[in-house]
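Undergrad: Need a 3D model of the sequence below.
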Amino acid sequence: MPTKQKRRASSLPVFKKYLRKLVLPSSSSAHPFITNNPIISATLTLTLFLRCLAPSPDNFGFVSELTSVNRISEGLHFARIKDAVFVSKQPPLLLLFYDFVLSNFPLRLFNAAVDALGSFALAHLFRLNAAYEKLTEESTERVMDSRTQPHKITAKIMDTDYALIIGTAYFANPISIAIGCSPSTQPLIQLLIIISVVFSLRRNIPASMTALSLSTYMIWWPLALLPSLLLTLGRPAVPQEPHRPKLSPANTAIFGLVIFTSALALLVLVSSYTISPSHPNNFEWPLCYYHWATFQDLTPNVGLYWYFFTQIFSRFRTYFVVIFNTLPGILVAPILIRLKEIPTAATISLLALFNVLAPYPTFGNVTFSLLFMSTSPRTLVRLRFISVFCLIALPVPSILMVVFWRMWAIEESGNGNYVYFQQLAYTIFAGLIALDFLSASVSRVKALKITRKPSSKVKQS
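TA: The predicted model follows:
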């Protein structure tokens, strides 16, 4: 017992020193855009030129009907006509925000700035998550059996500036560049989701819940991340700021739920009087969520739902609309129950599965999921070979999908079935990676429980 206490006492100052360096980095290499590495510097410089000079890609793989700025312009046009029915398919505050952005800044420059903030936030997320994993699991991993112990590559990842690589990959990957050059709101949605997870790790309840409410206001599905973020906010071992008092998990969940509900209710209330207070249909704008949830404007995209709804009879449509909307929500409770010890991994797993099952996906959804997975190194090293195979295979259906779509929709010399076959392969590969990450997270929790069980029995005896 004394040796264990000495060990714990000696490890606390080391962790505090590591955490201080993590949260308040003093070296320039800690920032994802300040580095002495010539390869990364050249990559970032080339990315900036591409984001400013590349033509806007006119392709269904980079912009969906849900994230298109063209729909925002259409909504603004109808909102300014006094006698017109309010037919906007986007929330009013989002319309006004992008009206301000489009009238004052080039959209691709705004998206580049948003992606730069997102890369910095994702790098910071890796540092916070890695610090928490090191605090709670490193001592247990030392006494693990060789069959359950993670690969030694974890220590190498922690020694290198892996956060710099993640931040650069988020900003400089070709999919992010193409989406940033497109008329899309997806970069802003992804930034808000990253910010909500980062502040949940730092136990900043108001900031985390406000960011999540903003992303839920833009599109509805981030609402499913609320339980996992409340678990992250309530776990006792999260590194805390000195001035922030610690609440019990139950009080944290109640406080977070109140802030999230209040922020979302305030957005809804302000939206009802934003466009035109005297408009006869100013309270009908929430129908935009109903429009997206019932798949009324489901055009060809990277997902599978559009093809499915073209093949079924109209009398079965309502049944499958209910099924497809409730399917992602059904996954929340089992995943949270199984991964309650590591709620950040649960958030990443839910995010990856939702992006696969999304009705209006783009290539950016899967790319965002892959980069989010890389922020959990102790789960990442437990992935099997199937994930590596699927990751290598993903570009093949992606390229063929774009080629066949162009032949079908633009040149009119192809067939929609060929596009669907590539989308099916793309979804299967992305789904296998998401399921493998979930399986690796479950294996990680199981290994920790098996290793900690004998020690708890010894303490009781």
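Undergrad: so how far is Y290 from S314?
TA: Between S314 and Y290 the distance is 18 Å, computed by Cβ to Cβ, to the nearest Å. No exception for glycine: its C-beta is placed from N, CA and C like everyone else's.
Undergrad: no, scratch that, I was asking about P227
TA: P227 is 24 Å from Y290, by Cβ to Cβ.
Undergrad: Low-confidence bits of the stretch 251-400 of the chain, can you list those?
TA: Within the stretch 251-400 of the chain, the ranges that satisfy pLDDT under 70 run 275-285.
Undergrad: Check the stretch 51-200 of the chain too.
TA: Looking at the stretch 51-200 of the chain by pLDDT under 70, you get 51-58, 79-88, 141, 145-160.
Undergrad: Do a quick rundown of the helices in it.
TA: Assigned by DSSP state H, counting those that start in this stretch, the stretch 51-200 of the chain shows helices spanning 69-79, 92-104, 107-142, 153-159, 162-172, 174-181, 186-201.
Undergrad: May I see these arranged in a markdown table, with distance to W405 as well?
TA: A markdown table is the format used below for the helices of the stretch 51-200 of the chain (distance: least, Cβ to Cβ, whole Å):
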| stretch | distance to W405 |
| --- | --- |
| helix 69-79 | 18 |
| helix 92-104 | 27 |
| helix 107-142 | 23 |
| helix 153-159 | 38 |
| helix 162-172 | 25 |
| helix 174-181 | 15 |
| helix 186-201 | 19 |
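Undergrad: Return the most buried member of these.
TA: Of all these, helix 186-201 has the most neighbours on average by mean count of other Cβ atoms under 10 Å, namely a mean of 24.
Undergrad: Downstream of that one, the next helix or strand is which one?
TA: For helix 186-201, the succeeding helix or strand toward the C-terminus, using DSSP states H and E, is helix 205-218.
Undergrad: what's that following helix packed up against?
TA: With contacts defined as 3 or more Cβ pairs under 8 Å, 6 or more residues apart in numbering; DSSP states H and E, helix 205-218 has these neighbours: helix 92-104, helix 186-201, helix 226-234, helix 249-271.
Undergrad: Which among those helices is found nearest to F308?
TA: helix 186-201 (23.0 Å; Cβ to Cβ).
Undergrad: Which residues does that closest one contact?
TA: For helix 186-201, the external contacting residues (Cβ atoms under 8 Å, 6 or more residues apart in numbering) are 63, 67, 111, 114-115, 117-118, 121-122, 124-125, 128-129, 132, 176, 179-180, 207-209, 211-212, 214-215, 218-219, 222, 225, 229, 232-233, 238-239, 344, 347, 351, 362, 364, 368, 372.
Undergrad: Which parts of the stretch 351-461 of the chain are helices?
TA: Applying DSSP H, counting those that start in this stretch to the stretch 351-461 of the chain gives helices spanning 363-373, 377-380, 385-393, 395-405, 416-460.
Undergrad: Of all those, which one is nearest N59?
TA: helix 395-405 (6.1 Å).
Undergrad: Mind listing what's buried along the closest one?
TA: P397, S398, L400, M401, V402, F404, W405 (16 or more other Cβ atoms under 10 Å).
Undergrad: go on, stretch 206-213?
TA: Those would be A207, S208, M209, T210, A211, L212, S213, for stretch 206-213 by 16+ other Cβ under 10 Å.
Undergrad: do stretch 361-378 as well
TA: For stretch 361-378, using 16+ other Cβ under 10 Å, the buried residues are 361-378.
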